[in-house]
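> What shape does this take:
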Amino acid sequence: MAKVELKDITKVYEGNVRAMDKANITVNDREFVVFVGPSGCGKSTTLRMIAGLEDITEGELFIDGEMMNDVPPKDRNIAMVFQNYALYPHMTVYDNMAFALKIKKTPKAEIDKRVREAARILDIEKFLERKPKALSGGQRQRVAVGRAIVRNPKVFLFDEPLSNLDAKLRVTMRAEISALHHRLNATMIYVTHDQVEAMTMADRIVVFNVGKVQQIGTPLYLYNHPINKFVAGFIGSPPMNFLLVNVVADGDGVMLDEGGFKLKPVPEHIEYLKKYTGKEVYFGIRPENLEYVADASSSNNMPLTVSVVEPLGADTTLWLRSENTRELVARTGPGHIFKIDQKVNFSPDMTMARYFDKETELSILPLPQEEAV
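Next comes the predicted model:
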């Protein structure tokens, strides 16, 4: 397999539209890396530059140590799985999977061996004589993946391959693709706008926004140590809550004044917040780090009102509002019953709180060094 390196990769369209600005990304040999971000952030454009389907305006692309900027797509030894499957409707599943090998004049015996082995891996052996129109969406996606497997590429590229499937099938297929990665021990780059897919599938995640790489790291590192407010709000479901709070002096320390309540930071966070005394910062807390408390006199109490109740069986998602009508989301266990407009009290786990500069939206807390994967 192969290592993929992007060095200051930039894509500028007509009218000076920067789809990607100086992306520096390294995908290690046999690694599963997911590009994630909202629509229009540049992730698919970057994937297409790796594939050779888009020209690179500036920067250098290396695959297995060889510069690829001017190498045609067919000579890059990559295989791409598209969102819409891109199967030939007049061909059988067998012929769809064998087509690229036939073009390369691969011996028939070798083609048959590769196609049947890929079909066995993907559990589509019984569909080899069918046409794509006779297959379900999930089966078509397996065929598209099989067509990539038979080529034995250095790098697999996936462009939102599950977005056309229903929710249940997406869960099944993402597990199958993850298992396939471990089985093939392959280098894979996967594009999605769905951060749940990114969290569950990736060895490492690259978060994009407005044409820039925001942060690169393992799923749990990004979840626990976001570099800025965007990453903090994008990674995690439901997303992190943000409240604009005033940092006010409190003896030798500080308090966070929301207007309707005050919160006391943990000692290890106070030293970084002191320089913001008299200023506003974003206080971030994840829904699962808000604990329902019956006692309103408990420390760091947040008096809130229930707006929406979403019972999910194993847990319940609550939409809440503060006195200042600021919206928050909390996730609680099944042991409590809540009603609309009910007055409730929640206490945040302040060890899990994150803080972001109001102007730059960068993390106020320093990020620990991530251990090598």
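> For the rest of this, base every contact and every neighbour count on C-alpha atoms.
Noted.
> Please identify the buried residues of the helix ranked longest in the chain?
For the chain, the helix with the greatest residue count under DSSP state H is helix 167-184. By neighbour count on 16 or more other Cα atoms under 10 Å, the buried set for helix 167-184 is 170, 173, 174, 180, 181.
> and of these, the nearest to residue 323?
residue 170 (39.6 Å; Cα to Cα).
> Off-centre distance for stretch 286-298?
29 Å (Cα atoms, centre = their mean, to the nearest Å).
> quick one: contacts of it?
Stretch 286-298 is contacted from outside by 238-241, 303, 328-332, 344-349, 352-353, using Cα atoms under 8 Å, 6 or more residues apart in numbering.
> distance of the residue of the chain positioned farthest from its centre from residue 277?
Distance from the C-alpha centroid of the chain, by Cα atoms, centre = their mean, peaks at residue 251 (41.7 Å). Residue 251 sits 12 Å away from residue 277, going by Cα to Cα, to the nearest Å.
> does residue 121 sit in a helix or strand, and which one?
Under the criterion of DSSP states H and E, residue 121 resides in helix 108-122.
> tell me what the longest helix of the chain is packed against?
In terms of contacts (3 or more Cα pairs under 8 Å, 6 or more residues apart in numbering; DSSP states H and E), helix 167-184 is packed against helix 195-201.
> distance between the helix it packs on and the chain's centre?
5 Å.
> helices and strands around it, which ones?
strand 32-36, helix 167-184, helix 219-224.
> ok, now with 6 Å
Applying 3 or more Cα pairs under 6 Å, 6 or more residues apart in numbering; DSSP states H and E, we find helix 195-201 packed against no helix or strand.
> if we look at the helix or strand just after it, which residues are touching it?
Per DSSP H and E, the first helix or strand lying C-terminal to helix 195-201 is strand 204-209. Strand 204-209 is contacted from outside by 33, 34, 35, 36, 37, 41, 213, 214, 215, 216, 217, 218, using Cα atoms under 6 Å, 6 or more residues apart in numbering.
> List the strands paired with strand 204-209, with their directions.
Applying DSSP bridges to the sheet, strand 204-209 is found paired with strand 32-36 (parallel), strand 212-217 (antiparallel).
> Can you check the pLDDT for residue 1?
pLDDT, residue 1: 56.
> correction: residue 333
So, for residue 333, pLDDT stands at 83.
> Could I get the contacting residues of the residue nearest to it when sequence neighbours are not counted?
Excluding the flanking residues, the one nearest residue 333 by Cα to Cα, 6 or more residues apart in numbering is residue 315, at 4.5 Å. By Cα under 6 Å, 6+ apart, the residues touching residue 315 are 332, 333, 334.
> Mind pulling up the pLDDT for residue 142?
The model reports residue 142 with a pLDDT of 88.
> Just to be sure, it is in a strand?
No - Residue 142: not assigned to a strand; according to DSSP: H, G, I helix; E, B strand; the rest coil it is helix.
> thinking residue 59 is in contact with residue 6, fair?
No - the pair residue 59 / residue 6 is not scored as a contact, 7.6 Å apart, by Cα atoms under 6 Å.
> So for those two, which sits in the more crowded spot?
residue 6 (21 against 16; other Cα atoms under 10 Å).
> Could you look up the SS state of the more buried one?
strand.
> Name the residues that touch the helix or strand of the chain with the lowest mean pLDDT?
Every helix and strand of the chain was ranked by mean pLDDT, DSSP states H and E. The lowest is helix 167-184, at a mean of 87. By Cα under 6 Å, 6+ apart, the residues outside helix 167-184 that reach it are 162, 201.
> Would you confirm that residue 370 belongs to a helix?
No - counting by three-state DSSP, residue 370 is not found in a helix; it is coil.
> That one: neighbouring residues, count only.
Using other Cα under 10 Å, residue 370 has 11 other residues around it.
> Need phi/psi at it.
The phi and psi torsions at residue 370 (degrees, to the nearest 10) take the values phi -80, psi 140.
> The closest residue to it other than its chain neighbours and residue 272, how far apart?
Once flanking residues are discounted, residue 370 sits nearest to residue 221: 7.1 Å by Cα to Cα, 6+ apart. Separation of residue 221 from residue 272 (Cα to Cα) stands at 20 Å.
> Looking at the two, which is more packed in?
Of the pair residue 221 and residue 272, residue 221 is the one with more neighbours under other Cα under 10 Å, namely 17 against 13.
> how much space between that one and residue 204?
9 Å.
> for residue 307, same thing?
Taking Cα to Cα, one finds residue 307 at 36 Å from residue 204.
> So those two - more neighbours on which side?
Set residue 307 next to residue 204 and count neighbours by other Cα under 10 Å: residue 204 wins out with 22 against 17.
> which non-adjacent residue is nearest the more buried one?
According to Cα to Cα, 6+ apart, the nearest residue to residue 204 is residue 218 (4.2 Å).
> Could I get the phi/psi values of that neighbour?
Here residue 218 shows phi and psi, under degrees, to the nearest 10, equal to phi -70, psi 160.
> next one: residue 267
phi -50, psi -40.
> How about residue 46?
Per degrees, to the nearest 10, the backbone of residue 46 is at phi -60, psi -40.
> If anything else comes up later, I'll come back, but that's it for now.
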